[in-house]
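J.: The amino acid sequence is not available; the structure is as follows:
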């Protein structure tokens, strides 16, 4: 798997864990979500460019 995709999935999983747990660090969880989504989008764009 692509490294960026793995990192993005790990960050999203950590965000989901933060949602279901009572321990949150304020806005940090949402920053992790945004980083995960950006990495997933970059991975998708890079994969589409390699197919051409």
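T.: Happy to help now that I have it. Keep in mind that what you see is a predicted model, and the values were worked out from it rather than measured. Numbers count the residues shown, from 1 in each chain.
J.: tell me which strands and helices the longest helix seen in the chain is in contact with?
T.: Longest helix of the chain, by residue count under DSSP state H: helix 28-51. Secondary-structure packing of helix 28-51 (3 or more C-beta pairs under 8 Å, 6 or more residues apart in numbering; DSSP states H and E): helix 3-20. No exception for glycine: its C-beta is placed from N, CA and C like everyone else's.
J.: on that earlier part again, tilt between the longest helix of the chain and helix 3-20?
T.: Using axes from the mean of the first three to the mean of the last three C-alpha atoms, to 10 degrees, the inter-axis angle of helix 28-51 relative to helix 3-20 is 150 degrees.
J.: Please point out which parts of stretch 4-23 sit buried.
T.: For stretch 4-23, burial by neighbour count (16 or more other C-beta atoms under 10 Å) applies to 4, 5, 8, 11, 12, 15, 18.
J.: quick one on the thing from earlier: tell me the buried residues in the longest helix of the chain?
T.: Those would be 29, 32, 33, 36, 39, 40, 43, for helix 28-51 by 16+ other C-beta under 10 Å.
J.: Mind picking the lowest-pLDDT entry from the buried residues of stretch 4-23?
T.: Within the set of those, pLDDT is lowest for residue 18 (70).
J.: if I look at the most centrally placed residue in the chain, how far off is residue 52?
T.: By C-alpha atoms, centre = their mean, the chain has its centre lying nearest to residue 36, at 1.7 Å. Computed with C-beta to C-beta, to the nearest Å, the distance linking residue 36 and residue 52 is 26 Å.
J.: cool, residue 42 as well?
T.: Per C-beta to C-beta, residue 42 is found 17 Å from residue 52.
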